[in-house]
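> what shape does this take:
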Amino acid sequence: MLVAAAVCPCPPLLVPEVAAGAAPELDAARAACADAVGVLAAARPDLLIVAGPAGPDHLGPFPAGSPGSFAGFGVGLTVRLGPAPAPSPSPAPARPLPASLAVGAWLLEHARWSGAPVEGFGVAERLEPDRCVRAGRELAARAERVALLVMGDGSACRTVKAPGYLDERAADFDAEAARALGAADLAALRALDESLAHELSVAGRAPWQVLAGAAEGAGLGGQPLYEDAPYGVGYVVASWS
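Residues are numbered from 1 along each chain as shown. Presented below is the predicted three-dimensional model:
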């Protein structure tokens with residue numbers, strides 16, 4: 001059963017080494033993410049799953065210890081998704097983490113996570129809402145006490161300088177998503193429009209709907225911790241407990 005969740009944005013710029021001189025612009029977001037991860041630690045889960053967008057394909061699970069790299073963003077920084085299990089005699093090559101899960105792994109390393117085992121779950125950005133909800137239910141059933149760190153951005157169309165340019169619908173979409181995430185409103189998260197989210201380049205829609213499925217019957221309450229669009233992209237941080 002899901003006992004806690006943290007919702008965080010997943011831009012590589014959240015990592016100070018990637019942001020370089022612009023790092024202070026996201027200090028408030030980093031602080032809010034640290035607070036949200038602290039809620040996960042306080043819940044003392046048996047398993048922590050980091051879920052986030054993983055491109056067009058549903059890549060599924062990533063085992064503990066999976067590596068991530070920010071080399072593609074010009075930084076020689078590597079991370080791991082929690083400590084790796086004991087090596088097997090013939091280990092299979094580890095799949096590298098998608099960028100969203102690499103940012104999640106960095107958040108955990110930054111928080112010096114030392115609690116439950118950590119695994120990852122990549123979510124296809126166009127995964128249908130019903131399948132997202134089913135996937136969430138399956139994740140919540142993985143252990144008696146499951147926590148989720150859910151990575152995902154809002155629309156990339158909030159300003160003319162945003163990656164997707166300005167779309168007048170973006171602010172309303174982000175406001176409703178932020179409200180639903182801050183209030184742990186499962187019905188509103190399930191109702192987020194997949195087609196509109198795609199048009200607005202919303203990377204978090206599918207992971208947020210996975211969270212909605214995982215939280216069914218858990219009775220969790222939400223707390224909004226941060227909302228802004230510093231680069232024309234909607235960023236939301238919330239904790240559920």
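> which residues touch the residue nearest the centre of the chain?
Nearest to the geometric centre of the chain sits Met151, at 0.9 Å (CA atoms, centre = their mean). Listed by CB atoms under 8 Å, 6 or more residues apart in numbering, the contact partners of Met151 are 8-10, 50-53, 100-101, 103-104, 204, 207. From N, CA and C alone the C-beta is placed, and that goes for glycine too.
> if I look at it, how far off is Gly55?
Applying CB to CB, to the nearest Å, the value for Met151 to Gly55 is 13 Å.
> please apply the same query to Pro63.
19 Å.
> burial measure for Gly72, as a count.
11 (other CB atoms under 10 Å).
> so what's it closest to, chain neighbours aside?
Excluding the flanking residues, the one nearest Gly72 by CB to CB, 6 or more residues apart in numbering is Ala99, at 7.7 Å.
> now for the one you found, how many residues are close by?
For Ala99, using other CB under 10 Å, the count is 22.
> kindly report the same for Val160.
8.
> confirm for me that it is in contact with Ala170.
No: counting by CB atoms under 8 Å, Val160 stays clear of Ala170, with 11.6 Å between them.
> host element of Gln223?
According to DSSP states H and E, Gln223 maps onto strand 222-228.
> and the strands in this structure?
2-8, 47-53, 60-62, 67-69, 78-80, 118-123, 146-151, 222-228, 235-240 (DSSP state E).
> Ala135: which of those strands is closest?
strand 118-123 (7.2 Å; CB to CB).
> quick one: that closest one to strand 47-53, angle?
30 degrees (axes from the mean of the first three to the mean of the last three CA atoms, to 10 degrees).
> which elements pack onto the top helix by length along the chain?
Longest helix of the chain, by residue count under DSSP state H: helix 27-42. With contacts taken as 3 or more CB pairs under 8 Å, 6 or more residues apart in numbering; DSSP states H and E, helix 27-42 sits against strand 2-8, helix 99-110, strand 146-151, strand 222-228, strand 235-240.
> alright, calling it a day.
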